[in-house]
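[1] heads up, no residue letters with this:
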């Protein structure tokens, strides 16, 4: 898709959110152009743009990727916004609940993503579905509560209580909006963390849409990002010793791995990496 | 107060929040020490630490102030945290509602700070007190709602719904905690914005406590900050033309100015400013 | 001048340097657009773009200015580059003397800017002209030395000594090149410091060209920057006490102030400042 | 070594440079302490500090490492300083050649590190030694030139030419000094890039000393950095497909690898990785 076609287009996300590319400075060629400033006359042999972009990504020469800049308009629930804002190397203009009346829009999860607390990953939800009745009850209750809270908010405003105070009991599921501007290097970092399976489902949905926009506007850089970062695997110094043994012969058993100094948790992580390789 | 006495001390803020200085790197002397690296042998005449600090502040030589680093442990309501985090040049570790159960602590405003929406300042509350009965009703309602929301949260957790989902209807008044590390230059910038009368009352309360901690640990730098930034007034190009009309024919003599506490160098700078106005 | 006319145009600077605007994201309207996201429906009364931009500048609401992004291609002497790079909130791709052969281009000052060391300002050159013969001798000597040093550099390269070593005796007057990308808020900060009379002459020359490019591409924002920052004067707490003594008994009336070009809102703000002074 | 023993100690580097740890905020425990704020009550099972630090490093949970702050005093040649300053997330106060007279100290390379231009790596010097006579001639010439340039500098100063101009022909081998303050996360990033074999020899010497200081003051974090980052290997998506084949059987030949889509250069890089593994 051309830049002109994608700018201004609203990509829906979650139940009431969206991502809209407002403006874009640069593309794959801008990355090459600024890299060539660094290499000067010395780059004659790295002639092809795609190779150069892949070389830069592979060797973490990050500054040419900083020369591309994306500006998005995003509507997102506050609990997602709170994770998002932790990426500091970006510019933000958020809707202000002090200046303006917060609109009646709340995030309501889809029943199929209501999950149990994960047992293995303290941070997230498990793959285990919650009982369907329970999930529906949860959603109804969430919805009824949101309506109640907005009614109260409205009441406070009618009583002329300052907006900045009236809003303090609005829930984290309230939608907010912002303009968010970030360079491609930092955007890749955001995507790497927020496309990761351990990221919360809701922010991952936004990351997917943004990844798709980047894929369409900087296809070479995005492909390099996928190959060298997103789908790459990093092996630690100890894991490499085990890999060495495995390159020669049959895979080692977990029992044998213990001797290399991996903790129980790391052995699990290592086996996952090898599985990932074997399933390629 | 000595650094040793103030580190670890918990300063209460709002109803259930606090600010605690966890660690501190440097003091007034560190500012001077790093400034002298820049000036090398050239600083012999700027002998006095206090003058040098005041000179640096006055002329916005900011990097020496960056050489002092504060680390705080802070408990604060989420709506305050959301304003706070907009200061990007700081390091943060926040309590995670995905990993851990959020404790039953909510911000309940004091009746006397429940105010009407400001008419002149769209952003804030007015000085106008709300009717006392109404204020008390508001607070009771806020409190009852917080209890209801926490009960629901607890129910969701009992049903083993993932913590990251169970929390989405908790209100913006929920307390969170973080470690926050920032250098003195950026901390002054935070204080300038958050001590300002148009900042929301709640974050101003935190700013006041932090200002007091800085005052006790870097007294010279804090005094310079007050004199040259916090209590200074900036006149625009147009305002200066009006000011010109408002100045008396006979300015004060340098001798008279000494009594106001300006150094010799500052008197010269002041006279230059007045000349600049008179020549508009 | 239109964006299309200015992009790609090479503005010469010093004897062999230049500034070229490579790309530009946004303009005055983008500032307004992102500010309106923050204020939401609350901004209906601040209708005019120019007033809004001036309001934002005056009250240091900096984030909307961050939504405009400039990318420059610049050729500059290394000693200027070393001052420039201290502005960290920018993206840079510099020509690499490790990859590529450094071209034979050195900065040679113009005789009329060869000045004596300042007596009052330890940091800079004085207004005092150096003896013309001496100035010309200085320049001839600088030139001859540059030629000698480049000849040596060439010799080292011919002997196949690694480029990264061969260059270590090239002088600080050697020209380098870079791509430099920065948002408008940080660019204004750069301009404020580098247009200042105490900045070194050579970097000021670059700052002037950049200021001119900003003036043509974001005229409203630039005008506001001039009025509220560049040509504004800041009075310290102590200076304000002296100013109080210097103010005439009868201030101008609001009616009189209108003629100076202050808006209604600014007149109120100005009167507040004067009250603040008179109440010291 | 204890923090008290290492602070203030001057570690010599290159011929006339040094690294001196001026101050240090935090240690391994501070990393754990701030991580536990994030995990709150949820961390009971991750009881051991070392495991937690290794977990954080492995999963790139970077913010706890940002809670440790190092302040160094460093003397280094200007061409090294120019590479160094590209790490923007740090605070710097550099000796000013505008304020002060630059001392007579220049970097003179050791004969055994004078190397030829690399053929394979455009960026650096090769392992190939230059002819000993040539190396010594190079060094004598560098030295004589430095003396000449300093003499000229001195002459200009004697003629009262402004310091900021007199210095413009001083060479890139001139030593400068700065205070440099950085958090541990960003310091690890610096070390990863500057300990890398493709970094210029001279900056690597500084990186080694700093690595050693970190090793002594945050031993757990440093060990984790070595295991999971410095000595880890990252395999791209394509490389993993090859690795899969190699886990089963005999290593593939470079000819076979071509079919997987690796470029010639990437095949070389991949073989290097496998060699590195086999040489463990």
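    Done, it's in. Note that the structure is predicted; figures quoted are calculated from it, not measured. Residues are numbered from 1 along each chain as shown, chains lettered A, B, ... in the order given.
[2] Tell me the spacing between residue A:76 and residue B:241.
    With the distance defined as CB to CB, to the nearest Å, residue A:76 ends up 46 Å from residue B:241. Quick note: C-beta positions are derived from backbone N, CA and C, even for glycine.
[3] out of these two, which sits in the more crowded spot?
    For residue A:76 versus residue B:241, the count of surrounding residues by other CB atoms under 10 Å in any protein chain shown is larger for residue A:76: 26 against 17.
[4] State the number of residues packed around the nearest residue to that one once chain neighbours are set aside.
    Beyond its immediate neighbours in the sequence, the residue positioned closest to residue A:76 (CB to CB, 6 or more residues apart in numbering or on different chains) is residue A:17, lying 5.1 Å away. By other CB under 10 Å, 22 other residues sit near residue A:17.
[5] Give me the helices and strands touching the helix or strand hosting residue A:147, please.
    In the assignment (DSSP states H and E), residue A:147 maps to helix A:132-158. With contacts defined as 3 or more CB pairs under 8 Å, 6 or more residues apart in numbering or on different chains; DSSP states H and E, helix A:132-158 has these neighbours: helix A:163-166, helix B:132-158.
[6] Under a three-state scheme, what state does residue A:8 occupy?
    Under the three-state scheme (DSSP: H, G, I helix; E, B strand; the rest coil), the conformation of residue A:8 reads as coil.
[7] May I ask you to confirm that it is in contact with residue A:19?
    No - with contact defined as CB atoms under 8 Å, residue A:8 and residue A:19 do not form a contacting pair (11.8 Å).
[8] Between those two, which is the more surrounded one?
    Each of residue A:8 and residue A:19 had its neighbours counted (other CB under 10 Å), and the higher figure belongs to residue A:19 (23 against 11).
[9] Spit out the contact partners of the more buried one.
    With contact taken as CB atoms under 8 Å, 6 or more residues apart in numbering or on different chains, residue A:19 is in contact with A:10-11, A:13, A:72-74, A:206, A:209-210, A:213.
[10] For the nearest residue to residue A:95 once chain neighbours are set aside, what are phi and psi?
    Sequence neighbours aside, residue A:177 is the residue nearest to residue A:95 in space, at 4.5 Å (criterion: CB to CB, 6+ apart). Dihedral pair for residue A:177: phi -140, psi 150, per degrees, to the nearest 10.
[11] ok, back up a step: do you know the pLDDT at the residue nearest to residue A:76?
    Here the pLDDT value assigned to residue A:17 is 98.
[12] again, but for residue A:214
    pLDDT for residue A:214: 98.
[13] any idea how far it is from residue B:247?
    In this structure, residue A:214 and residue B:247 are separated by 58 Å, where distance is defined by CB to CB.
[14] more neighbours, these two?
    The neighbour count for residue A:214 versus residue B:247, taken as other CB under 10 Å, is higher for residue A:214 (21 against 15).
[15] could you give the mean pLDDT of the helix holding residue A:147?
    Within the predicted structure, the mean pLDDT of helix A:132-158 is 97.
[16] ok, now stretch A:187-206?
    Model confidence over stretch A:187-206, given as mean pLDDT, is 96.
[17] quick one: the strands in the stretch 151-280 of chain A?
    Here the stretch 151-280 of chain A has its strands, by DSSP state E, counting those that start in this stretch, at A:175-183, A:233-235.
[18] Same question for the stretch 1-150 of chain A.
    Taking DSSP E, counting those that start in this stretch as the test, the strands found in the stretch 1-150 of chain A are A:10-13, A:17-25, A:69-77, A:91-94, A:115-117, A:125-129.
[19] Show me what the fourth one is packed against.
    The reference is to strand A:91-94. Checking 3+ CB pairs under 8 Å, 6+ apart, strand A:91-94 ends up next to strand A:175-183, helix C:28-39.
[20] Put together TSV for these, with mean neighbour count and mean pLDDT on each row.
    Converted to TSV, those look like this (neighbours: other CB atoms under 10 Å in any protein chain shown; pLDDT from 0 to 100):
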stretch	mean neighbour count	mean pLDDT
strand A:175-183	23	98
helix C:28-39	22	90
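[21] Tell me which of the ones you listed sits nearest to residue B:111.
    Put simply, out of the helices and strands packed on strand A:91-94 the one that sits nearest residue B:111 is strand A:175-183, at 28.7 Å, with distance taken as CB to CB.
[22] and the angle for that closest one with strand C:69-77?
    Compare the direction of strand A:175-183 with that of strand C:69-77 by axes from the mean of the first three to the mean of the last three CA atoms, to 10 degrees and you get 20 degrees.
[23] what about strand A:175-183, distance to the chain center?
    Mean C-alpha position of strand A:175-183 versus that of the full chain (CA atoms, centre = their mean, to the nearest Å) differs by 13 Å.
[24] so how many other residues sit close to residue A:81?
    Residue A:81 has 24 neighbours, counted by other CB under 10 Å.
[25] how close does the nearest residue to it once chain neighbours are set aside sit to chain C?
    Using CB to CB, 6+ apart and skipping residues adjacent in sequence, the residue nearest residue A:81 is residue A:176, 5.5 Å away. For residue A:176, the distance to chain C under the criterion CB to the nearest CB, to the nearest Å works out to 10 Å.
[26] Please name the bridge partners of residue A:176.
    Bridge pairing for residue A:176 (DSSP bridges) gives the partners residue A:76.
[27] OK, contacts around it?
    Contacts for residue A:176 (CB under 8 Å, 6+ apart) come out as A:75-78, A:81, A:94-95, A:97, A:102.
[28] Looking at those residues, which is nearest chain D?
    Minimum separation from chain D among those (CB to the nearest CB) is found for residue A:81, which lies at 17.8 Å.
[29] one step back: residue C:58: which of the helices and strands packed on helix A:132-158 is closest?
    Using CB to CB as the criterion, the shortest distance between residue C:58 and the helices and strands packed on helix A:132-158 is 21.8 Å, found for helix A:163-166.
[30] For the closest one, which outside residues touch it?
    Judged by CB under 8 Å, 6+ apart, the contacts made with helix A:163-166 from elsewhere in the structure are A:97-101, A:153, A:156-157, B:109, B:114-115, B:117, B:123-125, B:200.
[31] mean confidence score for that helix?
    The predicted confidence, averaged over helix A:163-166, sits at 96.
[32] ok, now stretch A:51-67?
    Mean predicted confidence for stretch A:51-67 is 93.
[33] Which single residue of the stretch 101-250 of chain A ends up nearest chain C?
    Distance from chain C to each residue of the stretch 101-250 of chain A (CB to the nearest CB) is smallest for residue A:179, at 4.4 Å.
[34] check contacts around that residue.
    Residue A:179 sits next to A:22, A:71-74, A:91-93, C:33-34, C:37, C:67 when contact means CB under 8 Å, 6+ apart.
[35] Swap in 10 Å and give it another go.
    Contact partners of residue A:179, counting by CB atoms under 10 Å, 6 or more residues apart in numbering or on different chains, are A:20, A:22-23, A:71-74, A:91-95, C:30, C:33-38, C:63-64, C:66-67.
[36] and the contacts of helix A:163-166, which are buried?
    Neighbour-count burial (16 or more other CB atoms under 10 Å in any protein chain shown) is assigned, among the contacts of helix A:163-166, to A:97-100, A:153, A:156-157, B:109, B:114-115, B:117, B:123-125, B:200.
[37] Now do the same contact list for the most centrally placed residue in chain A.
    Most central in chain A under CA atoms, centre = their mean is residue A:194, positioned 2.3 Å from the mean C-alpha point. By CB under 10 Å, 6+ apart, the contact set of residue A:194 is A:80, A:83-84, A:87, A:200, A:203-208, A:210-211.
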